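> This is a predicted model, with the sequence first.
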Amino acid sequence: MSALSEKMRKAREMRVECGNGKTLTVLRPTPLQWEEIIKSEKIVHGIIGLVTGWSGFVELDFIPGGDPHPLPFDADACTEWLSDNPAIFSSVADAVIDGMTQYLEKKKDAVKN
């Protein structure tokens, strides 16, 4: 990924607090991604696919008796965990929808001016 595209992607990042010092990094979808998600009829998978990172998570959060050290982001484990935690998935979905709504409102306002 180029430095510019990395900056553009970073500008779309949002944080979703999961409690106990844990945070998920979620991308606001681009309009084309949003359209794909809506049209695919796999909205849950589309939203989970926008989760790109986490902080504060340890193996113990996922497995009883697991390791207490910080884990690098694991998209598959995150998908599994969000699938088993609908309240947190709902927070992620709300953040994605809010982020998209705000983006579209800014675009609309920019056209008016």
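Yep, that arrived. Numbers count the residues shown, from 1 in each chain.
> what residues does stretch 21-38 touch?
9, 12-18, 43, 46-47, 50-57, 61, 78, 88, 92, 95-96, 99-100, 103-104 (C-beta atoms under 8 Å, 6 or more residues apart in numbering). All C-beta spots, glycine's among them, are computed from the backbone N, C-alpha and C.
> can I assume residue 32 sits in a helix?
Yes - remark: residue 32 belongs to a helix, assigned using DSSP: H, G, I helix; E, B strand; the rest coil.
> Low-confidence regions, the protein specifically.
113 (pLDDT under 70).
> Now do the helices in it.
3-11, 31-40, 43-48, 75-83, 86-112 (DSSP state H).
> Same list (those) but as JSON lines, adding distance to residue 66 and mean neighbour count.
Shown next, in JSON lines, are the helices of the chain (distance: least, C-beta to C-beta, whole Å; neighbours: other C-beta atoms under 10 Å):
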{"stretch": "helix 3-11", "distance to residue 66": "30", "mean neighbour count": "10"}
{"stretch": "helix 31-40", "distance to residue 66": "32", "mean neighbour count": "13"}
{"stretch": "helix 43-48", "distance to residue 66": "21", "mean neighbour count": "17"}
{"stretch": "helix 75-83", "distance to residue 66": "11", "mean neighbour count": "15"}
{"stretch": "helix 86-112", "distance to residue 66": "18", "mean neighbour count": "13"}
